[in-house]
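Visitor: Coordinates for the following, if possible.
(chains A and B)
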Amino acid sequence: MSDGPLIVQSDKTLLLEVDHPLAKECRAAIAPFAELERSPEHVHTYRVTPLALWNARAAGHDAEQVVDALVRYSRYPVPHALLVDVADTMDRFGRLTLANNPVHGLVLTSSDRAVLEEVIRSKKVAPMLGARIDSDTVVVHAAERGRLKQALLKIGWPAEDLAGYVDGTAHPIDLDQAGWHLRDYQQEAVDGFWAGGSGVVVLPCGAGKTLVGAAAMAEAKATTLILVTNTVAGRQWKRELIARTTLTEDEIGEYSGERKEIRPVTIATYQVITTRRKGEYIHLDLFDAQDWGLIVYDEVHLLPAPIFRLTADLQSRRRLGLTATLVREDGREDDVFSLIGPKRYDAPWRDIEAQGYIAPAECIEVRVSLDDEERMTYAVAEPEERYRIAATAQSKLPVIRRVLERHPEEQKLVIGAYLDQLEELGTALDAPVIQGSTTNKEREKLFDAFRAGEIRTLVVSKVANFSIDLPEAAVAVQVSGTFGSRQEEAQRLGRVLRPKADGRQAHFYTVVSRDTLDSEYAAHRQRFLAEQGYAYTIVDAADLAGPGEVNGPDWVDESAD
Amino acid sequence: MPTAPPPTLAAWLRTRDDAQLGALLAARPDVARPAPSDVVALASRLAVPVSVDRALDELDAGTLQALDVVLLAPGDGMAPEDVVAALPDVPEDVVASALETLTDRALLWGDDVLRAPDPVRRAVRYPAGLGRRAVDLRVQLPADLPAALGALSDEERGVLERLAGDRPVGHLPESGGGADSPARRLLQRGLLARIDALNVELPREIGLHLRGDRPYGPPRVRPEPELISRDPTAVDRQAAGAALESVGRIGELLALLEDEPAGLLRSGGVAVRDQKRLARELHVPEPEAAWLLELAFAAGLLDVGGPHRDEWLPTRSYDGWREQDLADRWAVLAAGWLAGIRLPALVGQRDVAGKAANALSPDLVRHTAPAIRRSALTALASYPAGSGLAPDDLVALLRWRTPRRADRLAPVPGMLAEAARLGVLVGGVLSSGGRGLLTGGEDGAAAGMSGLLPEPVDHVLAQPDLSLIAPGPLVAELADTLAVVADVESSGGATVFRVTESSVRRALDAGWSASDLHDFFARASRTPVPQALDYLVDDVARQHGRLRVGAIESYVRSDDHGLLAQVLSDRRTAAAELRRLAPGVLVSGLGADEVLTVLRDAGYAPAGENPGGAVLTRPPGRPRAAGRRPTGTEGPAAPRPLTEDEVAATVREIRAGDAAVAARRGEAVRQVPGVTTASTLELLSRAVREGTPVWLGYVDAQGSGSQRVVQPVSLVGGFLQGFDERRGESRTFAVHRITSVALVEDDDAPVAG
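Guide: Reported below is the predicted structural model:
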């Protein structure tokens, strides 16, 4: 019996014991073909899915390597049947290939005639195929490249895409690494992406995904379309690109509700692209406006379904997806993989945190007991009102105030989902409120003031969930959310994970009403954060010590060091 | 031998020595039970069609081909050299040993000329795959056969050549184009014989003609398939993986059935609905669930039980099984599978009526299954460790070994797949456990697998996301507890449990207190118990406590306050030590069952309640089926082989009987009336003097008559003492009970072997 760090489960999950001496080596060996599912403190869970196995094949790993990794690191004997299944699954990849034929254009060829016959007879696939050239080859309508790949994946015969990419219009872009350097993991991520052609890079918030995008552009040296979630995020991309690359302001266009500029590097919002008039998408021309050499999808886990469909048409262009989490609340992770590309790089948050690139965060759940009146209101409320009543309970206010008082010298964000609650908090805490109706100009002004330290506390609504950059927010207080969404949690945590100048610890508070739906949702969050490997502490509001008191925050006046 | 060769099978058998007769009996044990009285009886037993078929069934294709040569010989017999010459492609020693096998079994007899007994001729319907002779088929062959065949079209010739292969009988194509079909044209020309409405047969002469210089078909030499070689340690490790998986799955399956038994269908078996449910809960595909059910049943861990005998429940042996070592647990499964008389692979297959077979349905019983499994595995066991055969090659080899039973080999691929699931076989190679199973049964299997399976662990790792990971198979006690306080999320080498609100509530319902749970987690977890887990337990316990709190043993509650008042003041309920806790609630320091009994005795109709408030309907004990005794490893299809002693004794008996018959045939038998006469005594004393065996008719004290051959020792006081050869014992015979006496002639006595 060997004493490996890995336990292979019947359902093809892999349990990796983190404290084992071989754990690091083992992780490197299984990462190509297993998706990291959970990374709590002691044992990480990976899952071997057909998609992951095919991605591994696409990246040049063969079944023998996979089987060898499983057998070598496994603590217990691995059932032969499981290994056979892995080999069989991997063997399905590459029977079909998509390639460019000099005469017929895009063709689907097969080394296994029976597979090709099966595929051609499939109702879902047949409409995307054209004439049969010979018994092993069939023409594919070029526009169907993405959809065909997706359909083939669904019927279990993934095609290897050898058709390559168009180069796009060349445009000189270089990184301007004066005073900073691409971090190792960022470089690895770019290399992984470039070698694979297209794909998704998964990095925690604050780990510098924008720089990965910039470095990818510097590799491509071609016109680039960047799709972002909103205008603020777009502006931030623009700032970063100007600062970190040779690109100048004139070369970068903004394509949003306000402005419609098309330049060699164009930043467009998801919203503007999916705007419809009389049922038609009116900004689709953007994709053809330039011969784009690279398309970057920021926050790919939020990619709206219409853009999925559009992306299917862009299979001949290099695509880079950036995200902090591949968890999609709609469960369409597979579509991301098949349309944008397989995951090319991912690292557990804790690893990057350990390298000091993102701030270590302490997650604290503060439990507030509702007063009798509130409890009665909650008890008699309609089910759909209950969460709102629990989340916006008045009893939270003094607790929030006390939490903020624990960190007088730090930049603090109060995040909530209900506008009247936020307004109330803004008034009570004497802090500005940023919400959907706040104009971009006003937002930028407030953000600048926050960055400069003129404002210590900001109250923000959901709009701040994505892609705003608040480097000095060291404390986040979450007062209400969207029903325990894991994705939201990842984003909000990202607010406080940006590295602090002095390596101070970040704090992520969640104020929760005890024994209500609020605490039930908190349980989801708690699980998500624990699975991500964060320390999670539960405190009763009554026990919340002030700074300097017993059990209070380590109030070291860090800046004094 | 100077004398003429023996003219009959019986006479030839008489010329065989004891060792040869012994070999015959050992090879055809069915003729030895009960012991035949003499050689003639033996010969007629050997001619019983069932016995002949059975003997032929066990022969390999090469031996049968040698037999075919003799059967097809133009005359009555054939010299062994001619047989060898007739099969030029087969090595001489192979043919010689085939002939030896055949004569050993008396399927051929004779020394210089080999003859086939008539029953053997009848049993081999199509020797060498050739049809009957034209005369027997009543077909008039064309005068010039080669010319007639030469004139055939390709299509027609194709039909003939197909029939000249392994099987001379074929179906007529249905209706077809009447006279147009080639087979019908051949019929008209007398080149085929019609044997019934549907089938035609090719006359032997045509078959021989078409085969040309290979009248007996291609040489049936033993196939030498390419061996699969694997590292034996790797094989054992992978087998252990499969074993671990099987044992774990069976445990989960039975735990599920313990909670919610599967119903017994009226036609027997498990309903598809139950099978689906189990598959879903085990996270396995449905066929896998069916296989697990079948395996659990074969191992005697699952059977029909319940109060109405209409549920599939774990058996009592399951309780013992789960306490055993992993290797022992696996051995029980493997041995149960090997001896099982069911074919699990048939679950889901549709019968002629289109109805799919249910798991555990009686339709799946095949009494030949254990013999087939054993023969397939034994064939693999003949290769050294680490070598084996691909399934197709193995089937081909088995087909060669027992071609007359080839139709029984259909389940073999399914069986091999099952063996692989169990870990008996890994990619066509037997594991050590599998070899142990074949040679040493359950103990051997356990010995082969021991050391490969992990030791049970007695701890878990508690994680902040509220999962508990058992990094290996758990000791039974901890597994039981965890099944209560947590839900299984993933199983295999390790088990991932998750503690949820509902699982904690379940534990509280089962009588745990919050502090019990805290203690348990602290004790069971090797990692510090995460704060979140403690909070969860406390949160749930707080809610739970709101409903029912108290240090009492039991309560009585009712909405009918009058009734409660009556109960409280009733003298007959004093023994229940009830007191009023609150309006509508009485409590007692006694256990609920005692209070229930007291109340029932007093004429009330109380119902028990569990801590969750539900009325208790299920019996407190775990339901168990009675189970059956595990079947032996020998299926009913294979008779117990004779031991050496038995063979020797039987040979002795036959010899003795034969001697007796010969004696009766030789010397005139002197019938002696019921009274003792001087001539009887004279004959007996002569026999004692000369040491000649005598044939006695004897009536014992119970009045039953018998005939026996006795080697007399003494004749004293009206008693003859002697050695009864057939029964192999010394005994005393009262002279007045002897009804007849004859001397057994020496010259016909068998040559001592």
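Visitor: Compute the first-to-last residue distance for stretch B:128-145.
Guide: Counting by C-alpha to C-alpha, to the nearest Å, you get 21 Å between the two ends of stretch B:128-145.
Visitor: How far off centre is it?
Guide: Taking C-alpha atoms, centre = their mean, to the nearest Å, one finds the center of stretch B:128-145 at 43 Å from the center of the full chain.
Visitor: List the buried residues in it.
Guide: B:128-132, B:134, B:137, B:139, B:141, B:145 (16 or more other C-beta atoms under 10 Å in any protein chain shown). For every residue, glycine as well, the C-beta is placed using N, CA and C.
Visitor: Hmm, A:Pro306 is touching A:His283, no?
Guide: No - using C-beta atoms under 8 Å, A:Pro306 is not in contact with A:His283; the gap is 11.1 Å.
Visitor: out of these two, which sits in the busier spot?
Guide: With neighbours defined as other C-beta atoms under 10 Å in any protein chain shown, A:Pro306 and A:His283 compare such that A:His283 has more, 18 against 14.
Visitor: tell me the contacts of the more buried one?
Guide: Contacts for A:His283 (C-beta atoms under 8 Å, 6 or more residues apart in numbering or on different chains) come out as A:255, A:268, A:272-273, A:275.
Visitor: Make a PyMOL selection of whichever of those turn out to be buried.
Guide: The PyMOL selection below is limited to those of the contacts of A:His283 classed as buried (16+ other C-beta under 10 Å):
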select buried, chain A and resi 255+268+272+273
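Visitor: now, which of the contacts of A:His283 lie within strands?
Guide: The strands, defined by DSSP state E, take in A:255, A:268 from those.
Visitor: Tell me the one among the contacts of A:His283 nearest to B:Ser714.
Guide: A:Ile273 (120.9 Å; C-beta to C-beta).
Visitor: confidence score at that closest one?
Guide: Each residue has a pLDDT score; the one for A:Ile273 is 81.
Visitor: Also B:Arg277?
Guide: 92.
Visitor: Helix or strand for it, just tell me which one.
Guide: helix B:272-282 (DSSP states H and E).
Visitor: And chain A, is that helix touching that?
Guide: No - residues of helix B:272-282 are not located near chain A by C-beta under 8 Å from any C-beta of the partner chain, the shortest gap being 9.1 Å.
Visitor: Please give me every residue in contact with B:Asp89.
Guide: B:Asp89 makes contact with B:218-219, B:221, according to C-beta under 8 Å, 6+ apart.
Visitor: For PyMOL, what selects the buried ones among these?
Guide: This is the PyMOL syntax for the buried subset of these, where burial follows 16+ other C-beta under 10 Å:
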select buried, chain B and resi 219
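Visitor: ok, so of the contacts of B:Asp89, who is nearest chain A?
Guide: Nearest to chain A among those, counting by C-beta to the nearest C-beta, is B:Pro218 at 31.8 Å.
Visitor: Next up, the contacts around that closest one.
Guide: Contacts for B:Pro218 (C-beta under 8 Å, 6+ apart) come out as B:Asp89.
Visitor: quick one, phi/psi of it?
Guide: Here is the backbone geometry of B:Pro218 (degrees, to the nearest 10): phi -60, psi 150.
Visitor: Likewise for the one 10 residues further on?
Guide: With angles defined as degrees, to the nearest 10, B:Ile228 shows backbone torsions of phi -90, psi 130.
Visitor: What of the one 3 residues further on?
Guide: Summarising the backbone geometry of B:Asp231 under the convention degrees, to the nearest 10, its torsions are phi -70, psi 120.
Visitor: thought it was touching B:Ala385?
Guide: No - if you go by C-beta under 8 Å, B:Asp231 and B:Ala385 don't touch, sitting 10.1 Å apart.
Visitor: who's more crowded, those two?
Guide: B:Ala385 (16 against 11).
Visitor: what about the more buried one, which SS state?
Guide: coil (DSSP: H, G, I helix; E, B strand; the rest coil).
Visitor: which ones are touching the closest residue to it other than its chain neighbours?
Guide: Nearest non-adjacent residue to B:Ala385, counting by C-beta to C-beta, 6 or more residues apart in numbering or on different chains: B:Pro232, 4.7 Å away. For B:Pro232, the contacting residues are B:385-386, B:429, B:432, by C-beta under 8 Å, 6+ apart.
Visitor: out of the contacts of A:His283, who's near chain B?
Guide: Near chain B, by the rule C-beta under 8 Å from any C-beta, you find none of the contacts of A:His283.
Visitor: re the thing from before, take the contacts of B:Pro232 and lay them out in TSV including pLDDT.
Guide: Output for the contacts of B:Pro232, formatted as TSV (pLDDT from 0 to 100):
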residue	pLDDT
B:Ala385	86
B:Gly386	86
B:Val429	90
B:Ser432	90
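Visitor: between the residues you listed, which has the most around it?
Guide: B:Val429 (26 neighbours).
Visitor: Can you pull the phi/psi pair for that one?
Guide: According to degrees, to the nearest 10, B:Val429 has phi -110, psi 130.
Visitor: B:Leu474 now?
Guide: Here is the backbone geometry of B:Leu474 (degrees, to the nearest 10): phi -90, psi 150.
Visitor: does A:Met217 belong to a helix or a strand, and which?
Guide: helix A:209-220.
Visitor: which helices and strands sit right next to that helix?
Guide: Helices and strands touching helix A:209-220, by 3 or more C-beta pairs under 8 Å, 6 or more residues apart in numbering or on different chains; DSSP states H and E, are helix A:184-196, helix A:231-244, strand A:294-297, strand A:318-323.
Visitor: ok, A:Gly94 touching A:Arg57?
Guide: Yes - using C-beta under 8 Å, A:Gly94 is in contact with A:Arg57, at 6.4 Å.
Visitor: Give me the below-cutoff pLDDT ranges for chain A.
Guide: The model of chain A has pLDDT under 70 over residues A:1-2, A:205-206, A:312-313, A:325-331, A:348-350, A:359-360, A:463-472, A:483-488, A:490-504, A:545-561.
Visitor: Now do the domain split for it, please.
Guide: Here the domain parsing of chain A from automatic domain parsing is A:6-91, A:96-161, A:184-353, A:359-560.
Visitor: in what helix or strand does the spatially most central residue of chain B lie?
Guide: By C-alpha atoms, centre = their mean, chain B has its centre lying nearest to B:Pro370, at 2.2 Å. B:Pro370 is part of helix B:369-381 when elements are defined by DSSP H and E.
Visitor: Give me the residues contacting the helix or strand following that helix.
Guide: Remark: after helix B:369-381, the chain's next helix or strand is strand B:387-388, criterion DSSP H and E. The contact list for strand B:387-388, computed with C-beta under 8 Å, 6+ apart, reads B:227-230, B:380, B:425, B:427-430.
Visitor: Now tabulate those in TSV and tack on distance to B:Pro606.
Guide: Listed next are those as TSV, based on distance: C-beta to C-beta, whole Å:
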residue	distance to B:Pro606
B:Leu227	73
B:Ile228	68
B:Ser229	71
B:Arg230	66
B:Leu380	64
B:Leu425	58
B:Gly427	63
B:Gly428	64
B:Val429	64
B:Leu430	61
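Visitor: before we move on, the earlier item: give me the buried positions along the helix holding A:Met217.
Guide: So for helix A:209-220, counting by 16+ other C-beta under 10 Å, buried means A:209-220.
Visitor: Next: stretch A:99-108.
Guide: A:99, A:106-108.
Visitor: circling back: so for the residue nearest to B:Ala385, what's the pLDDT?
Guide: For B:Pro232, the predicted pLDDT is 87.
Visitor: do you know how far it is from B:Arg435?
Guide: From B:Pro232 across to B:Arg435, the span is 10 Å (C-beta to C-beta, to the nearest Å).
Visitor: Give me the common contacts of the two.
Guide: By C-beta under 8 Å, 6+ apart, the residues touching both B:Pro232 and B:Arg435 are B:Ala385.
Visitor: just to revisit the earlier point, could you let me know which of the buried residues of helix A:209-220 ends up closest to chain B?
Guide: Nearest to chain B among those, with distances taken as C-beta to the nearest C-beta, is A:Lys209, at 25.3 Å.
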